[in-house]
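A.B. asks: Task: produce atomic coordinates for the following.
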Amino acid sequence: MGRCVARELVEWSGVDAERLVDLLVERALAEMGNYYYYTLLRMHLVGVEGDALRRVVEDAREEDRNHFEALVPRIYELGGRLPATFAGELGGLGDLRNLPAEADVPQILPILLKAAEESVRAYTQLCSVTSGKDNRTYNLVLAILHEEIAHQVWLLEFLGRGATEPSPRTRNISPFVAPYLRAPRPVSLEPAACTA
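C.D. replies: The predicted structure follows:
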């Protein structure tokens, strides 16, 4: 079996690689769960207020998918892997499980804000764990953190402006994470090649 040099270097720098991989997997699953629930939510947002929020949800949905796509290669580089089944790992949007036919925007906004705050806290924790020790992971999670903060700002702006005056934004999806999506694919993502 081969060595996982990336994992060795992370451990050598003082990071608990097992804990780091667990945190990255947790975030990747949360991002995928959020993507799923944003997909459902956009189908239930109706009316003027719902239409305005749908634009914010759509942008956050696409960025959360990109966050998942950017996290997965790093998880495998560090010798981790995603679970074979996806159940129960639904991020902060699990409260949206039983959406009514027409979503109540005032009821949904606090759930969306709570999920955004949870993501900001989780990525801030990952930045703290990797700062000055694992530059590759740190730069990736910092890029995601910037976008999660933007999601929180979008929701707060929507809350402050209301449906009559949605925040004007250009559709520049994942401006911070985009470089990690264009990175060359590793030769092998097989975690078995990265075992001790």
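A.B. asks: measure residue 65 to residue 131 for me?
C.D. replies: 26 Å (Cβ to Cβ, to the nearest Å). C-beta: built from backbone N, CA, C; applies to glycine.
A.B. asks: quick one, which of those two is more surrounded?
C.D. replies: For residue 65 versus residue 131, the count of surrounding residues by other Cβ atoms under 10 Å is larger for residue 65: 19 against 13.
A.B. asks: how much space between the more buried one and residue 157?
C.D. replies: Counting by Cβ to Cβ, the separation of residue 65 from residue 157 is 22 Å.
A.B. asks: Ok, residue 83 next?
C.D. replies: Computed with Cβ to Cβ, the distance linking residue 83 and residue 157 is 36 Å.
A.B. asks: ok, the two, which is more surrounded?
C.D. replies: residue 157 (15 against 9).
A.B. asks: what's the longest helix in this protein?
C.D. replies: Counting residues, the longest helix found in the chain (DSSP state H) is helix 47-77.
A.B. asks: Counting by contacts, list what that one packs against.
C.D. replies: Under the contact criterion of 3 or more Cβ pairs under 8 Å, 6 or more residues apart in numbering; DSSP states H and E, the helices and strands touching helix 47-77 comprise helix 17-44, helix 105-130, helix 135-161, helix 178-181.
A.B. asks: Ok, which of those helices comes nearest residue 8?
C.D. replies: helix 17-44 (8.4 Å; Cβ to Cβ).
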